[in-house]
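Engineer: I would like to see how this sequence folds:
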Amino acid sequence: MKRRTALPSQLVARKSIDKLIRDSEEPEHALKKTLGPWSLTALGIGAVIGSGIFTVIGTAMAGQKFDKPAVGDTPLIYWLIHHTALAGRPGAGPALALSLVLVAIVCAFTGLCYAELASMIPIAGSAYTYTYATMGELVAWIIGWDLILEYAFSNMSVSVGFAAHIVDLMDWFGFHPPLKWISPAYLPTGLQDMAGNDLYKSGWHFGFNVPAFLVVMILTVILVRGIRESASTNNILVLVKIAAILVFVFAAASFVKPHYWHPFMPNGWTGLLTGGSIIFFTYIGFDSVSTAAEECKHPQRDLPIGILATLVACTVLYGAVAIVLSGIVPWQSVMGDAAPVVNALKRLSLMPGGSGLVWVRLFVLIGALLGMISSILVFQLGQARVWFAMSRDRLLPDIFGRIHAQFRTPAVATWVAGFVVGIPAGMLDIGTVSNLSNIGTLFAFVLVSIGVLILRYREPNRHRGFRVPLGPVFPVLSIVFCIVLMMGLEVITWIRFFGWLAVGLVIYFTYSRHRSEFAKPR
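Structural biologist: Numbering: from 1, shown residues only. All right, here's what the predicted structure looks like:
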């Protein structure tokens, strides 16, 4: 009979790394070591360059403004320093380019930590798999529950942005559906037209963002039926997304009005940090470079090159968008806009001499939409796989681990993930949903960095294909910077996040731990 463990031991019970390594070395599981620095960089840029820069950049630049001051709407770091509530959160303004550099530095430290953990446990998998093998069942449950939050709210953000771009595309063709069916039910800053007139006051109203809901459900059907990832298709999509960014930057650069850049940091360091906390969403996916450690020819040399080259390339592209966007329209005008780039092009196209931008706007629209579709597919696939993996480990009900008899996909988990994302995407605005995605991702990064430190102490002699340089310095910096970025998010986001974790812990202690393979038999 299999030996079971008591509760205190169960909480830290780990899956055997040695068994995982033996399994990965079997011929049918071993991955070819074919990736060099250029391949890793291409992989990273493909994962990072997505829809975030076309959607959340407006919120990061302009922030959010509410009717009256409230502690819940105030960035945590501002509340801790000043003990004063704000009527919203400050944006970075034109200094968003500096916020992007700050986020890239944080991602560099965290990416190197991911790389060491991935090279220690040479299996393809997520942070959930790594922590189960290194830090125990309870931490694995917490990070798995956190990943569900991250993936779900990432896709809600992308879906809301997709809907805004679809509405803009319909506007390009002269089609204007009823406003209540193309805007979220919850609008914390209200909704304004191009002239700044209120279409909806702040708060809840009768409506549902139908395009945001439909895109999630259509892609859910596709995922249930099965979809094969094509490297050539992915490469084409990456080129289209990069081309859309470059076309916007070069076409709009001649319309820049330098006086829009003054003051450069209108909300000081608080705005710079808050902007970084919001724009962090655009870098989600960079860790895909780190988790490819098993397929690297020379991981110790190539992984840092791949991670740093990815972050430099993406930061240059993103920074160019931020500088140009804040130079062609007043930075305050993009507040609450889920499609700020294409809407800025629309404004310019209506100005004298801007008629040629009509076609630029269409190309950027199509590039953004294609990028968002690929992002939604990848994150919905990832979210369903987390549900599936946790069900397979008996931490979630078996129904989430059921495989479709015909399509051989985790159908139930995929459908549940679809509705969990689709319904809130129809109701919530871009700022609200991106916040929870950001805090969930940063929390996962903190746990991964702590995991590296623990394993340096617990298993110092275990083979590592890649080792983070400078001993514990980079993991500690990763933890500190991630927490600082988390503190740039509002108090209400922290409360919601801890509420989510509390619900997860209740489920674990009342249900999951009793079904776990490490549970003590009753």
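Engineer: how near is residue 433 to residue 110?
Structural biologist: Using Cβ to Cβ, to the nearest Å, residue 433 is found at 22 Å from residue 110. Bear in mind the C-beta positions are built from the backbone N, C-alpha and C, glycine included.
Engineer: kindly report the same for residue 472.
Structural biologist: Distance of residue 472 to residue 110, computed by Cβ to Cβ: 14 Å.
Engineer: the lowest-mean-pLDDT helix or strand in the chain: what's the following helix or strand?
Structural biologist: Least confident element among the helices and strands of the chain, by mean pLDDT, DSSP states H and E: helix 17-25 (a mean of 56). Scanning forward in sequence from helix 17-25 by DSSP states H and E, the next helix or strand is helix 37-48.
Engineer: what helices and strands are in contact with that following helix?
Structural biologist: Packed against helix 37-48, as judged by 3 or more Cβ pairs under 8 Å, 6 or more residues apart in numbering; DSSP states H and E, are the following elements: helix 231-252, helix 287-290, helix 299-328.
Engineer: average pLDDT across the second one?
Structural biologist: Right, helix 287-290. The average pLDDT for helix 287-290 rounds to 64.
Engineer: likewise for stretch 204-221?
Structural biologist: Average pLDDT, stretch 204-221: 84.
Engineer: in that stretch, what counts as buried?
Structural biologist: The neighbour-count check on stretch 204-221 (16 or more other Cβ atoms under 10 Å) flags 205, 207-217, 219-220 as buried.
Engineer: return the subset of the residues you listed lying in strands.
Structural biologist: Residues of the buried residues of stretch 204-221 located in strands (DSSP state E): none.
Engineer: could you single out the nearest of those to residue 172?
Structural biologist: Comparing these against residue 172 with Cβ to Cβ places residue 211 closest, at 14.6 Å.
Engineer: I'd say that closest one and residue 169 touch.
Structural biologist: No. Residue 211 lies out of contact with residue 169 (Cβ atoms under 8 Å); the separation is 9.9 Å.
Engineer: what about residue 495, how many residues nearby?
Structural biologist: For residue 495, the neighbour count with other Cβ atoms under 10 Å is 12.
Engineer: and the next element down the chain from the helix or strand harbouring it?
Structural biologist: Taking DSSP H and E as the criterion, residue 495 maps to helix 491-507. Next in sequence after helix 491-507, counting helices and strands by DSSP H and E, comes helix 513-515.
Engineer: quick one: average confidence on that next one?
Structural biologist: For helix 513-515, mean pLDDT is 80.
Engineer: gap between it and the chain center?
Structural biologist: Offset of helix 513-515 from its chain centre (Cα atoms, centre = their mean, to the nearest Å): 30 Å.
Engineer: same deal with stretch 99-110?
Structural biologist: On Cα atoms, centre = their mean, the centre of stretch 99-110 falls 14 Å from the chain's centre.
Engineer: flag every buried residue along it.
Structural biologist: For stretch 99-110, burial by neighbour count (16+ other Cβ under 10 Å) applies to 99-100, 102-110.
Engineer: pull the contacting residues for residue 360.
Structural biologist: 247-248, 251-252, 345 (Cβ atoms under 8 Å, 6 or more residues apart in numbering).
Engineer: what helix or strand does it sit in?
Structural biologist: Using DSSP H and E, residue 360 falls within helix 357-392.
Engineer: hmm, back to that, please convert the buried residues of stretch 204-221 to a markdown table, extending it with distance to residue 418.
Structural biologist: Below are those laid out as a markdown table (distance: Cβ to Cβ, whole Å):
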| residue | distance to residue 418 |
| --- | --- |
| 205 | 25 |
| 207 | 21 |
| 208 | 16 |
| 209 | 15 |
| 210 | 15 |
| 211 | 15 |
| 212 | 12 |
| 213 | 10 |
| 214 | 11 |
| 215 | 11 |
| 216 | 6 |
| 217 | 6 |
| 219 | 8 |
| 220 | 3 |
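Engineer: helices or strands up against the biggest strand by length in the chain?
Structural biologist: Ranked by residue count, the top strand of the chain under DSSP E comes out as strand 63-70. Judged by 3+ Cβ pairs under 8 Å, 6+ apart, strand 63-70 is in contact with strand 86-90, helix 268-279.
Engineer: helix or strand right after it?
Structural biologist: helix 76-82.
Engineer: next one, pLDDT for the most centrally placed residue in the chain please.
Structural biologist: Closest residue to the average C-alpha location of the chain: residue 284 at 3.9 Å, with Cα atoms, centre = their mean. pLDDT recorded at residue 284 is 74.
Engineer: ok, it - contacts?
Structural biologist: With contact taken as Cβ under 8 Å, 6+ apart, residue 284 is in contact with 48, 50, 52, 150, 154, 437, 441.
Engineer: identify the residue nearest the third one in space, chain neighbours excluded?
Structural biologist: Counting by Cβ to Cβ, 6 or more residues apart in numbering, the nearest residue to residue 52 once its immediate chain neighbours are dropped is residue 282, at 3.3 Å.
Engineer: wait, is that neighbour part of a helix?
Structural biologist: Yes. Remark: residue 282 belongs to a helix, assigned using DSSP: H, G, I helix; E, B strand; the rest coil.
Engineer: would you mind measuring from it to residue 422?
Structural biologist: In this view, residue 282 and residue 422 are 23 Å apart by Cβ to Cβ.
Engineer: the two: which is more packed in?
Structural biologist: Counted by other Cβ under 10 Å, residue 282 and residue 422 do not tie: residue 282 has more neighbours, with 27 against 23.
Engineer: surely the more buried one touches residue 59?
Structural biologist: No. Under the criterion of Cβ under 8 Å, residue 282 makes no contact with residue 59, lying 11.4 Å away.
Engineer: in stretch 166-183, which residues are buried?
Structural biologist: Neighbour-count burial for stretch 166-183 flags 166-169, 171-172, 182-183 (criterion: 16+ other Cβ under 10 Å).
Engineer: max pairwise distance over the residues you listed: which two?
Structural biologist: Longest span within these, Cβ to Cβ: 172 and 183, 18.1 Å.
Engineer: so residue 89 bridges to which residues?
Structural biologist: Bridge pairing for residue 89 (DSSP bridges) gives the partners residue 64.
Engineer: measure it to residue 62 for me?
Structural biologist: Using Cβ to Cβ, we find residue 89 at a distance of 10 Å from residue 62.
Engineer: and those two? Which one has more around it.
Structural biologist: residue 62 (30 against 27).
Engineer: ok, and the closest non-adjacent residue to that one?
Structural biologist: The shortest distance from residue 62 to any non-neighbouring residue, by Cβ to Cβ, 6+ apart, is to residue 335 (3.7 Å).
Engineer: sorry, back to before: residues contacting the residue nearest to residue 52?
Structural biologist: With contact taken as Cβ under 8 Å, 6+ apart, residue 282 is in contact with 48, 50, 52-53, 56-57, 100, 103, 314, 318.
Engineer: just the ones of those in helices?
Structural biologist: Among the contacts of residue 282, the members falling in helices (DSSP state H) are 48, 52-53, 57, 100, 103, 314, 318.
Engineer: hmm, residue 60 is touching residue 92, no?
Structural biologist: Yes. Using Cβ under 8 Å, residue 60 is in contact with residue 92, at 6.1 Å.
Engineer: what is in contact with the two at once?
Structural biologist: Joint contacts of residue 60 and residue 92 (Cβ under 8 Å, 6+ apart) are 99, 275-276, 279.
Engineer: filter those to the buried ones?
Structural biologist: Neighbour-count burial (16+ other Cβ under 10 Å) applied to those gives 99, 275-276, 279.
Engineer: tell me the one among the residues you listed nearest to residue 401.
Structural biologist: Closest approach between these and residue 401, by Cβ to Cβ: residue 279, at 36.2 Å.
Engineer: where's the closest one relative to residue 391, distance?
Structural biologist: Per Cβ to Cβ, residue 279 is found 34 Å from residue 391.
Engineer: likewise residue 515?
Structural biologist: In this view, residue 515 and residue 391 are 10 Å apart by Cβ to Cβ.
Engineer: which one of the two has more residues nearby?
Structural biologist: residue 391 (20 against 14).
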